[in-house]
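please find the sequence and the predicted model below.
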Amino acid sequence: MNGPRMNGSGANEGSTGGNRSWRRPGPVRGQRGVALITVLLVVVIATLLGTSMSTAQNLAIHRARNYLDQAQLRQYVVGGEELARQILFEDFAETPTKDHLLEVWASQELNYEYEDGEISLRIIDLQSRFNLNNLMIGGLQRERFTRLLSQLGVDAVFVDRIADWSDADQNTSNLGAEDYEYLGLERPYRTADQGFQDVSELRMVLDMDTESFARLEPYVTALPTTNVPLNVNTADFVMLQVLAPQINGEAVGNALEQRVAVEGFNAVPELFAAMGTPPRTSTEGLGVQSGFFEINVTARYQDRFGYLRSVVQRNPADGGLRVLSRTFTRALPPLTTDVEQDAEDE
């Protein structure tokens, strides 16, 4: 009978022994956990890097699109200015001897639509307003400006102070002010001692308050030269009434009606004839043609808006136009006053 084989030590070769057990080593299981965590970390880092790159790319795309849209809008704004210049040039070609408010450039409906946007133009004749630099001439210009301040309810002391602000000397006028008065202020500064560059300089004139400036601003301009004639074909009710002391509201009303009927006067004496003023009324500093205009452009491209306010000068010989200044900001409307309405009601 064959039994289990015994080896030399007496142990049964067919037996595994009761004291021995087979177990998986501990370090292998720990290494698998570390590997899993490492994989998870790699996945998280890759996800974060991908998200970061995607976000950065989206921001770059949006930034590029914004730059492109803004550049496109700016081109539309500048194009609106060029369109206005073309309108003014064509106006000169048609009627080179006079400018009036029934011409195309003076329309309040200069609106042009195009794909994804529109352009609105408003052209203002700056020679329909009193040129502050004309005060350097004195005489009749000073008299008219004095009457303008009286008509607007602004203190007449500003006649001398505005003149002193722009003259080249330091000689104080009767009610004026030069550097000595300005240097004594809490925040001292000096007078310009040169012509007005912009109407906003009026705010620097001694004691010029907000209300006085708001009343005066719509009726004045700052042109780069003196002795610029006022265009009687575009001047409003208030400006026409201050041309001479004997002119009243009724005379101005008659002249305005006649001005519309004849589509602008051909000469200044026709204005005074319509008013019924004496033939000796001076026509100095007056005219029927304009060379300085303000162009206001509002452009929309998709959901963006752009603005441009530029001053142009038109050559009275050939109608050529040149830009004197540009401001890419929105022009705020002046504070409303009842001066003009009150004058018309008289």
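The structure has been received and is ready for your questions.

what is the neighbour count of residue 171?
9 (other CB atoms under 10 Å). All C-beta atoms are positioned from the backbone trio N, CA, C, and that covers glycine.

residue contacts, it?
residue 178 (CB atoms under 8 Å, 6 or more residues apart in numbering).

checking my notes, it in a helix, right?
No: with DSSP: H, G, I helix; E, B strand; the rest coil as the criterion, residue 171 is located in coil rather than a helix.

for it, give me the backbone phi and psi.
phi -90, psi 120 (degrees, to the nearest 10).

what helices or strands is the longest helix along the chain leaning on?
Longest helix in the chain, counting residues (DSSP state H): helix 26-94. When contacts are defined as 3 or more CB pairs under 8 Å, 6 or more residues apart in numbering; DSSP states H and E, helix 26-94 packs onto strand 110-114, strand 117-125, strand 292-301, strand 304-314, strand 321-327.

just how off-centre is it within its chain?
With CA atoms, centre = their mean, to the nearest Å as the basis, helix 26-94 stands 29 Å off its chain's centre.

kindly report the same for stretch 206-220.
20 Å.

okay, the helices and strands packed on helix 26-94, which one's buried deepest?
strand 292-301 (a mean of 22; mean count of other CB atoms under 10 Å).

report all helices and strands that that strand contacts.
Applying 3+ CB pairs under 8 Å, 6+ apart, one finds that strand 292-301 contacts helix 26-94, strand 117-125, strand 304-314.

just the angle for that strand relative to strand 304-314, thanks.
Counting by axes from the mean of the first three to the mean of the last three CA atoms, to 10 degrees, strand 292-301 lies at 160 degrees to strand 304-314.

show me what contacts residue 295?
Residue 295 touches 80, 81, 84, 85, 121, 122, 123, 308, 309, 310, 311, 312, counting by CB under 8 Å, 6+ apart.

how close does it sit to residue 161?
31 Å (CB to CB, to the nearest Å).

in TSV: the helices and strands packed on helix 26-94, plus distance to residue 33 and mean pLDDT.
Shown next, in TSV, are the helices and strands packed on helix 26-94 (distance: least, CB to CB, whole Å; pLDDT from 0 to 100):
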stretch	distance to residue 33	mean pLDDT
strand 110-114	67	91
strand 117-125	63	94
strand 292-301	60	94
strand 304-314	57	94
strand 321-327	70	94
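
closest to residue 272 out of the ones you listed?
Of all the helices and strands packed on helix 26-94, strand 117-125 sits nearest to residue 272, with 20.2 Å by CB to CB.

can you name the element that comes right after that closest one?
Heading C-terminal from strand 117-125, the first helix or strand you meet, by DSSP states H and E, is strand 130-131.

show me what that next one is packed against.
helix 140-152, strand 220-221.

please identify the deepest-packed of those.
Among the helices and strands packed on strand 130-131, highest average neighbours (mean count of other CB under 10 Å) belong to strand 220-221, with a mean of 22.

name every strand pairing with that strand and say which way it goes.
Here strand 220-221 is paired, per DSSP bridges, with strand 130-131 (parallel).

what separates the partner strand from the chain centre, distance-wise?
Using CA atoms, centre = their mean, the offset of strand 130-131 from its chain centre is 21 Å.

check stretch 273-289 too.
36 Å.

with stretch 211-223 instead?
Centre to centre, stretch against its chain (CA atoms, centre = their mean), the figure for stretch 211-223 is 17 Å.

what does stretch 143-161 give?
28 Å.

tally of neighbours for the nearest residue to residue 292 once chain neighbours are set aside?
Spatial nearest neighbour of residue 292, excluding adjacent residues (CB to CB, 6 or more residues apart in numbering): residue 126 at 4.3 Å. For residue 126, the count of nearby residues is 21 (other CB under 10 Å).

and for residue 46?
Neighbour tally, residue 46, other CB under 10 Å: 10.

how close does it sit to residue 52?
From residue 46 across to residue 52, the span is 11 Å (CB to CB).

and if you look at residue 176?
From residue 176 to residue 52 the distance is 66 Å (CB to CB).

which one of the two has more residues nearby?
Taking neighbours as other CB under 10 Å, residue 176 and residue 52 compare with residue 176 leading, 21 against 10.

need the contact list for residue 174.
Taking CB under 8 Å, 6+ apart, one finds residue 160 in contact with residue 174.

point to the helix or strand of the protein where mean pLDDT is at its lowest.
Across the helices and strands of the chain, mean confidence by mean pLDDT, DSSP states H and E is lowest for helix 339-345: a mean of 48.

residue 41 - how many residues pack around it?
10.

and residue 280, by the same measure?
7.

from residue 137, how far out is it?
21 Å.

just residue 254 next, same as before
Applying CB to CB, the value for residue 254 to residue 137 is 29 Å.

ok, now residue 112?
40 Å.

same check, this time on residue 250
Going from residue 250 to residue 137 by CB to CB gives 30 Å.

the more surrounded of these two?
residue 137 (14 against 11).
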